[in-house]
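sequence unknown, structure follows:
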Ligand SMILES: Cc1ncc(C[n+]2csc(CCOP(=O)(O)OP(=O)(O)O)c2C)c(N)n1
Ligand SMILES: [Mg+2]
């Protein structure tokens, strides 16, 4: 008997103190008839001794299959043999004209390569990819000709294309006549204006074409899962009929290593998303080399997906293998397939027929015999399954028919297929963007295209003409399937703004101290009661609703649960119980910021995908927003998502006690880097409410493709009334307004204090200190958005820079501040870099206080003193600003610092410790 490693039911643990313990869970299951068990095991042992382990393996699998038929509940096998999941005899007839579709595919292949080759000839180094699409062409073509539903008469399917396959998708649109030659010529050359084609699927750059940005590896995967789920959400809430929409996602096998690719697989199975199909293009290679040279990526992924509850269909071998497998009476061929690692399979693709004969079939006489009738060329022509139309079609048909779970198709292909020996399955294939003349000629011959030899050096585009049989065939196929894809359509919508009852209470202020977070939770409840808008609001929380005071929504509108609530919640007796419902409105995502962000994107793009302008409010711990899922937030800009990101428990000093990994003092800086994000740091409830209303108007009435980011805090304060001045209403949105004038009872020097967010409370206290202790009057300004102020100032500045002889234009910032010589102190709960964003336009002494460095676990007061953003430090800075402005002496300022109890020598070393 062969030596085996420890069986899966037995585990041995060796402890550092020397103990060894063996766990055998089978021994722990009571056995009513040990003698019968021993008899069966002895039978198995005899079989292994007599016939070897392979036969025992077969026997065990047959027994398990029979047991399942008899209704025995056995654990699922993680992997199956390395052959196609669908038996040849079970394949449906191919419904298309295969010869015609092959010709079409050849044309698409050619132009996909030509556009990359020509762009790189014109602009060496501009990039583009040949090998990805070359391996995936059949996978896409079967979809386009037989499965993907277009948008005529409904939303159609949502398709997430592999980013690096973009040339193939453009090339097909060219054959369809949707993209012209001049556009192909402008692949990766967009700066001239409309007509350029972006490198990858970017709705931001090509908004009538692309729908879902995918090229940041992994984000297409998780995005597609949440898209399928959101389709169900819309359907279950009667907001859109998505029953005919299927989500297709094409991913690379290397891409499956991204946590985002694999991270939400169980959600898809748990929610029974049989409206979702993934196609993983297993060309066995990623950018640098093999995905699993020493293993088998298809088998590994099979185990992963099956374990997560997916329906798995492997498409490994093309039809040429059918007869070989049928003749494999001993199972030797299957065993060889099982035992061959991916690195070897890659080698077989490049090494030729003689090598395949010697190394794959050679060592075993039975296998050698199996292919004795085939020439070396024939062996090379034994294709992988992912290049066989019929096998792919069978897999897609089975996926579409499967009920109750999502399906993944693991299609084995060759990277760079058809592109010749310098690309096909070579390790640098991913980055290939050149072919020699001879290779191009060979490529043309292989594709059998009528391109004359003399034209070959320029890699010309080939179109058979709009009335050619090929063009007609694809036009008919697409017409039957509901029109061309990809295509992004924004439907006009009717619009009713939220009623005044939604937010008028916030303009009135409060008599008791409440936090902005509480005000926000109330605003959400009000919004969801609005007769026209209420149903469109989509609250998204990653297991933090209670933290943000949003748990009343559980009862008010319910938590979305596709199968309803199958248990009586522990708190069913309480007023605010945990209510799950099929029509629930809250997306309670559990602890997955990446999942929440994917939901945000599906909800925020529904205005285009499903012509229903749902308004997502994703509320999260601000620390776990921009830095945790920054790439997805960036992607939401590309996707043209609309909605609100709410960074709750914000502020490096306001979130007391939580310390270094919770105290966010920099998400606004990251937000500033995102062009579509309009970020605000409101100080008062009326600001927050006004921003939400304006945000809704901008996004959903005016159709701006932007995302609002608001930070909200947990500090209670009596909320002031909205000042009546027009400049206040406008200033809230522009980023700065004067909240309170200087105290007119005082004469003498004056300072301007900028406050924002929770630090506004300290600024207001500093005003009192300045008045009482130093007789200084202070104006209070609320800086709701340094980033918006800077953006506008930059636009104005650019115009002035380009028009030096015209009279200069002025920004809102300059209009508010210029002509006043009083110095300015700005304080916030964010890094000093935030107020510094506007420093270039400030012409008076400008002192900035902020929270640079790691947070600490301490009280709010201690943290504010530590970071120098409390009232005393603000007042002290004001005295220094006055001194720098020549309004007070340096001695006065030094005395004030002492008077305020600040130790000038105290260096909080670990704030900027390096
Ligand atoms: C997040 C991220 N990391 C890295 C890259 C760079 N990159 C682009 S394609 C690629 C390899 C893709 O391999 P695979 O997923 O197997 O796709 P294939 O082209 O083989 O079909 C890499 C590393 C990227 N686009 N996104
Ligand atoms: Mg790959």
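Good, I have the coordinates. Everything numeric here is computed off the predicted structure, so don't read it as measured data. Numbering: from 1, shown residues only. Ligands and ions are numbered 1, 2, ... in the order given.

what does the stretch 301-450 of the chain put close to ligand 1?
Within the stretch 301-450 of the chain, the residues that sit near ligand 1 (CB under 6 Å from any ligand atom) are 415, 430. Backbone N, C-alpha and C define where each C-beta goes, glycine included.

so where is the stretch 301-450 of the chain shaky, pLDDT-wise?
For the stretch 301-450 of the chain, no stretch is flagged by pLDDT under 70.

tell me how many other residues crowd the residue of it found nearest ligand 2.
Residue of the stretch 301-450 of the chain nearest ligand 2, by CB to the ion: residue 415 (6.1 Å). For residue 415, the count of nearby residues is 32 (other CB atoms under 10 Å).

pretty sure it contacts residue 432?
No. Assessed by CB atoms under 8 Å, residue 415 is found out of contact with residue 432, at 9.6 Å.

shared neighbours of those two, anything?
Common contacts of residue 415 and residue 432 (CB atoms under 8 Å, 6 or more residues apart in numbering): residue 131.

please tell me how far whichever residue of the stretch 501-650 of the chain sits closest to ligand 2 sits from residue 896.
Residue nearest to ligand 2 within the stretch 501-650 of the chain: residue 631 (20.5 Å; CB to the ion). Noted for residue 631: a distance of 46 Å to residue 896, by CB to CB, to the nearest Å.

picking up where we left off before, got the contact list for the residue of the stretch 301-450 of the chain closest to ligand 2?
Residues in contact with residue 415, defined by CB under 8 Å, 6+ apart, are 131-132, 134-135, 283-285, 424-425, 429-430.

mind putting those residues into a markdown table with neighbour count?
Written out in a markdown table, the entries for the contacts of residue 415 read as follows (neighbours: other CB atoms under 10 Å):
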| residue | neighbour count |
| --- | --- |
| 131 | 27 |
| 132 | 25 |
| 134 | 27 |
| 135 | 32 |
| 283 | 31 |
| 284 | 28 |
| 285 | 29 |
| 424 | 19 |
| 425 | 25 |
| 429 | 26 |
| 430 | 22 |
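
how about low-confidence regions in this protein?
Across the chain, the ranges flagged by pLDDT under 70 are 1-11, 13, 16, 23-25, 907-914.

closest residue of it to ligand 1?
Of all residues in the chain, residue 252 sits closest to ligand 1, at 2.0 Å by CB to the nearest ligand atom.

what sits against that residue?
Counting by CB under 8 Å, 6+ apart, residue 252 has contacts 132, 162, 164, 217, 280-281, 283, 286.

which residue lies nearest the spatial centre of this protein?
The structure's the chain has its C-alpha centroid closest to residue 219; by CA atoms, centre = their mean the separation is 3.5 Å.

I figured residue 283 hits residue 424, correct?
No. Checked against CB under 8 Å, the pair residue 283 and residue 424 is beyond contact range at 10.2 Å.

contacts for stretch 267-277, please.
224-225, 228-229, 231-232, 242, 245-249, 308-310, 396, 399-400, 402-409, 562-563, 595.

quick one: which of the contacts of residue 252 sit in helices?
Under the assignment DSSP state H, the contacts of residue 252 contribute residue 132 to helices.

filter the contacts of residue 252 down to the buried ones.
For those, a burial check counting by 16 or more other CB atoms under 10 Å picks out 132, 162, 164, 217, 280-281, 283, 286.

give me the subset of those that also touch ligand 2.
The residues of those that also fall near ligand 2, by CB under 5 Å from the ion, are residue 283.

for ligand 1, tell me which of the buried ones among the contacts of residue 252 show up nearby.
For ligand 1, the contacts drawn from the buried ones among the contacts of residue 252 by CB under 6 Å from any ligand atom are 132, 162, 164, 217, 281, 283, 286.

just checking, the second one touches residue 281?
Yes. With contact defined as CB under 8 Å, residue 162 counts as touching residue 281 (6.7 Å).

overlap in contacts, those two.
Each of 132, 136, 250-252 lies in contact with both residue 162 and residue 281 under the rule CB under 8 Å, 6+ apart.

just those now: which is nearest ligand 2?
residue 252 (4.2 Å).

so who does residue 376 touch?
By CB under 8 Å, 6+ apart, the contact list for residue 376 reads 352-354, 356-357.

which of those residues count as buried?
With burial judged by 16+ other CB under 10 Å, the buried subset of the contacts of residue 376 is 353, 356-357.

circling back to that earlier point, pull out the buried members of the contacts of stretch 267-277.
For the contacts of stretch 267-277, a burial check counting by 16+ other CB under 10 Å picks out 224-225, 228-229, 231-232, 242, 245-249, 308-310, 396, 399, 405-409, 562, 595.

okay, and which of those map to strands?
Members of those lying in strands (criterion: DSSP state E): 247-249, 407-409.

between the residues you listed, which is nearest residue 302?
Residue 302 lies nearest to residue 408 out of those, by CB to CB, at 8.6 Å.

partners of that closest one in the sheet?
Taking DSSP bridges as the rule, residue 408 bridges to residue 278, residue 312.

that one reaches residue 307, doesn't it?
No. At 11.9 Å, residue 408 does not count as touching residue 307 under the criterion of CB under 8 Å.

residue 494 and residue 703: what is the separation?
Taking CB to CB, one finds residue 494 at 13 Å from residue 703.
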